[in-house]
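Student: I'll drop the sequence and a predicted model, then ask my questions.
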Number of protein chains: 2
Amino acid sequence: MVADYYSEENHGAHETLDLGNFALEMGETLRDCKLKYKTHGKLNQNKDNAILFPHMWSGTSASMEMFIGEGRPLDPEKYFIILPGQFGNGISSSPSNTPPPHDRGAFPNITIGDDVRAQYELVHTHLGIDSLQLVLGWSMGAQQTYEWAVRYPDMVKRAAPFGGTAKVTGHNSLWVKSHEDALKSDPNFNNGFYSNQSDCHVGLRRHSQLWGVMGLCQAFYKKEVWKDIGFSSLADFQHGFWDNYFLPMDPNNLICMGWKWRHGDVSKHTNGDLEAALKRIQALTYVVAFSDDMAFPESDCEYEQKMIPNSKFFTINTLWAHFGMFCVSDDDKNQIDAVISKLLNA
Amino acid sequence: MVADYYSEENHGAHETLDLGNFALEMGETLRDCKLKYKTHGKLNQNKDNAILFPHMWSGTSASMEMFIGEGRPLDPEKYFIILPGQFGNGISSSPSNTPPPHDRGAFPNITIGDDVRAQYELVHTHLGIDSLQLVLGWSMGAQQTYEWAVRYPDMVKRAAPFGGTAKVTGHNSLWVKSHEDALKSDPNFNNGFYSNQSDCHVGLRRHSQLWGVMGLCQAFYKKEVWKDIGFSSLADFQHGFWDNYFLPMDPNNLICMGWKWRHGDVSKHTNGDLEAALKRIQALTYVVAFSDDMAFPESDCEYEQKMIPNSKFFTINTLWAHFGMFCVSDDDKNQIDAVISKLLNA
């Protein structure tokens, strides 16, 4: 049973690109493969006003809509903004919505490269766009942004990876593996062949706790920032914020996206030479980190930025660390908008 | 069955203090309660050359012996050094060695205060010592150091808490809860009533992975420090270092010590007023943090140091972060010795 959570009622109407038999980088072929996406604004006649904005792990195309609005940098009056749904997000082809033999625990491993190649089919082949004004995204959206800029360098004029790396770090991959293992630890997981996602709520809760540990930062807890958004205690925050966020989701979907995340590495294009891969990037690139991000520390982001020819490094200062992109505070939203605006005007 | 791991063959001969029926702070009474300990050096006639050195979570008295040696600051020719075994360490009274009704999953919750009160029985009542030249420890040993300095302020002349806090932080408690939950997630855990600790190796491994994520720091992985100690890959390090360390241990023992850790809070003595508790400390106190310690960040340690009347703050600079105290590198050992030496000579 597909969880209701992934319905259009929750995430809005999507358009569909049928990819047919889509050959995956790891060797399997996904039959009747679908890329679901949303758009805002209109593609102009020259087809030169497009922006691509892939979403983060656990999110959907709808998650990025909070950054779009009249008068904001991502203005639909000016730009044609494409929000592709990554594979495994529960709306595009995913463990939760694919029939046998690739259903549930048998859904094949997907790579960031698979996502980006599918997005290329949408952007280039289907929509006829040769050049993107901007590709941006945070966390796994940043991984996809880097993959775009390295794989299709002449199509990406500007790039803004927020809180993410071009090559996953050892520490980061270990953490993502630990939350995959927490999901799989559910007594009902059954190699991914559970009937309802809610059967695996114990694993979802265990996994949610690890997001509490590593998703924010020590100062967030020290300053009890959860009080600002109406939670009465740390326990109340853990359950009311993290558990509530993850409990409706499908464990196989999260694991599929997590596998993709922990294998993200643009240096696959250059025999493991990260510098050579990043030197391919032609886009004006703003690498943006979040202060005290435990998963993607500023130092890891800046390390890569220094290898990108035409690039600058920025930090969003926020107690929400990696989750600055949730824009819980207006200050976070304003800092993020300012970076996007500066880049679009450069 | 008690795991062989906790044998004297592995940890050396211990002395025993019989505490009889020991009333615990949480309300239960532990019958035939035993404090096991080791000592180095000789107590002088004035009984004024004693140092107390409680150990960290997952360790035993033997774990601290690496800091003791002729010509080093903790010199057994000069000092009488007492290494008490905390409850739950598998050697003092613990889930793994206590008969019914307090065996295994029924072992009562223990507090840092219980450990310190038992150590007071040893130091003061049994050995007749009125004043300690130094109490020191790292991680949970630091918690016990703080508890000593706040609870028995006139007995502690000098205190050196390394990489630990007087009051557990929200973030830290969440992390400790997550590794308790990983241990309990083992399919054979059976509420703690498994027969052999090795039946629960899956939970031990899950838990071990979380130590890989949070016990070190991002830079450790970025610089692949594991190569320096002979591991061939990150996976090899995770299994060869962390899994090998934890797999022989008893999950109930680790959970017992973890519960104690995440409830550590000296402000229990002052109705929740941390500053009032820390202001009780009479000892000259050196608060020592490890650089990039993700579990006990410098800022959290320094925050408390500023409330301690006669205190200084130090940082040990090491890529091993919280595990600088393992002294894998001589540089870490030398930095730690230098701080202890400075304090003992002050």
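Tutor: Sure, I can see it.

Student: what about the helices in the stretch 1-150 of chain A?
Tutor: Taking DSSP state H, counting those that start in this stretch, the helices of the stretch 1-150 of chain A run over residues A:8-11, A:112-120, A:140-151.

Student: check what pLDDT the residue lying farthest from the centre of chain A gets.
Tutor: Computed with Cα atoms, centre = their mean, the maximum C-alpha offset from the centroid of chain A is found at residue A:232, amounting to 30.1 Å. pLDDT recorded at residue A:232 is 95.

Student: now do the one 5 residues further on
Tutor: You'll see residue A:237 listed with a pLDDT of 96.

Student: residue A:2 now?
Tutor: pLDDT, residue A:2: 47.

Student: what's the burial count for the closest residue to chain B within the stretch 1-150 of chain A?
Tutor: Taking Cβ to the nearest Cβ as the measure, the stretch 1-150 of chain A has residue A:139 as its residue closest to chain B, at 15.7 Å. The C-beta positions use only the backbone N, C-alpha and C, and glycine is treated the same way. The number of residues packed around residue A:139, counting by other Cβ atoms under 10 Å in any protein chain shown, is 26.

Student: what sits closest to it if chain neighbours are left out?
Tutor: Excluding the flanking residues, the one nearest residue A:139 by Cβ to Cβ, 6 or more residues apart in numbering or on different chains is residue A:56, at 4.0 Å.

Student: wait, doesn't the one you found sit right on residue A:143?
Tutor: No. Contact between residue A:56 and residue A:143 fails when scored by Cβ atoms under 8 Å: they sit 9.3 Å apart.

Student: of the two, who's got more company?
Tutor: Using other Cβ under 10 Å as the criterion, residue A:56 and residue A:143 rank with residue A:143 on top: 30 against 27.

Student: who touches the more buried one in this structure?
Tutor: A:112, A:137, A:161, A:164, A:165, A:166, A:168, A:261, A:264 (Cβ atoms under 8 Å, 6 or more residues apart in numbering or on different chains).

Student: do the same with residue A:289
Tutor: Counted by Cβ under 8 Å, 6+ apart, residue A:289 has contacts A:162, A:163, A:296, A:297, A:298, A:301, A:302, A:313, A:314, A:315, A:316.

Student: of the residues you listed, which belong to strands?
Tutor: A:162, A:313, A:314, A:315, A:316 (DSSP state E).

Student: for the residue of the stretch 1-150 of chain A closest to chain B, what are its contacts?
Tutor: Applying Cβ under 8 Å, 6+ apart, the residues near residue A:139 are A:56, A:57, A:162, A:163, A:164, A:295, A:296, A:322, A:325.

Student: picking up where we left off before, and the residue nearest to residue A:139, what pLDDT?
Tutor: We have a pLDDT of 98 for residue A:56.

Student: same thing with the one 10 residues further on?
Tutor: For residue A:66, the pLDDT comes out at 97.

Student: need the nearest residue in space to it, chain neighbours excluded.
Tutor: In space, residue A:66 is closest to residue A:327, 6.2 Å off (Cβ to Cβ, 6+ apart).

Student: counting neighbours, what do you get for that neighbour?
Tutor: Residue A:327: 18 surrounding residues under other Cβ under 10 Å.

Student: relative to helix A:140-151, how tilted is the helix or strand where residue A:288 lies?
Tutor: Here residue A:288, judged by DSSP states H and E, is contained in strand A:284-290. Angle, strand A:284-290 to helix A:140-151, by axes from the mean of the first three to the mean of the last three Cα atoms, to 10 degrees: 160 degrees.

Student: off-centre distance for strand A:284-290?
Tutor: 15 Å (Cα atoms, centre = their mean, to the nearest Å).

Student: next: stretch A:93-106.
Tutor: 20 Å.

Student: average model confidence for it?
Tutor: For stretch A:93-106, the mean per-residue pLDDT is 96.

Student: for the contacts of residue A:139, which one is nearest residue A:127?
Tutor: Using Cβ to Cβ, residue A:56 comes nearest to residue A:127 of those, at 22.9 Å.

Student: distance of residue A:287 relative to chain B?
Tutor: As for residue A:287, its distance to chain B is 16 Å (criterion: Cβ to the nearest Cβ, to the nearest Å).

Student: what about the closest residue to that residue other than its chain neighbours, how many residues nearby?
Tutor: Leaving aside its sequence neighbours, residue A:287 sits nearest to residue A:305 (Cβ to Cβ, 6+ apart; 3.8 Å). A count of neighbours around residue A:305, defined by other Cβ under 10 Å, yields 21.

Student: so what's residue A:305 up against?
Tutor: A:285, A:287, A:311, A:312, A:313.

Student: for the second one, give me its contacts.
Tutor: If I follow you right, that is residue A:287. A:161, A:301, A:302, A:304, A:305, A:308, A:311, A:312, A:313, A:314.

Student: and if you look at the fourth one?
Tutor: Under the criterion of Cβ under 8 Å, 6+ apart, the neighbours of residue A:312 are A:285, A:286, A:287, A:305.

Student: same thing with the last one?
Tutor: Under the criterion of Cβ under 8 Å, 6+ apart, the contact partners of residue A:313 comprise A:286, A:287, A:288, A:289, A:301, A:302, A:305, A:306.

Student: if we ignore the residues flanking it in sequence, what's nearest it?
Tutor: Of all residues not flanking residue A:313 in the chain, residue A:305 sits nearest, at 4.5 Å (Cβ to Cβ, 6+ apart).

Student: for chain B, what are the nearby residues on the stretch 151-300 of chain A?
Tutor: Within the stretch 151-300 of chain A, the residues that sit near chain B (Cβ under 8 Å from any Cβ of the partner chain) are A:169-175, A:177-178, A:181-182, A:185, A:187, A:206, A:209-210, A:212-214, A:216-222, A:224, A:234, A:238, A:294, A:297, A:299-300.

Student: now for the residue of the stretch 51-200 of chain A found nearest chain B, how many residues are close by?
Tutor: Minimum separation of the stretch 51-200 of chain A from chain B (Cβ to the nearest Cβ) falls at residue A:170, amounting to 3.6 Å. By other Cβ under 10 Å, the residues close to residue A:170 number 20.

Student: again with residue A:341
Tutor: Residue A:341, neighbours per other Cβ under 10 Å, totals 14.

Student: for the helix or strand harbouring it, name the packing helices and strands.
Tutor: Of the helices and strands defined by DSSP H and E, residue A:341 is found in helix A:330-344. Packing contacts for helix A:330-344, counted by 3 or more Cβ pairs under 8 Å, 6 or more residues apart in numbering or on different chains; DSSP states H and E, involve strand A:134-138, strand A:158-162, strand A:284-290, strand A:311-316.

Student: pLDDT weak spots in chain A?
Tutor: Applying pLDDT under 70 to chain A flags residues A:1-3.

Student: of all residues in it, which one is nearest the centre?
Tutor: Chain A, centroid-nearest residue using Cα atoms, centre = their mean: residue A:56 at 1.8 Å.

Student: just how off-centre is the strand or helix carrying residue A:254 within its chain?
Tutor: For residue A:254, the enclosing helix or strand under DSSP H and E is helix A:251-262. Centroid separation between helix A:251-262 and its chain, computed with Cα atoms, centre = their mean, is 11 Å.

Student: what packs against that helix?
Tutor: Partner elements for helix A:251-262 (3+ Cβ pairs under 8 Å, 6+ apart): helix A:112-120, helix A:140-151, helix A:170-184, helix A:201-214.

Student: how does it look with 7 Å?
Tutor: With contacts taken as 3 or more Cβ pairs under 7 Å, 6 or more residues apart in numbering or on different chains; DSSP states H and E, helix A:251-262 sits against helix A:140-151, helix A:170-184.
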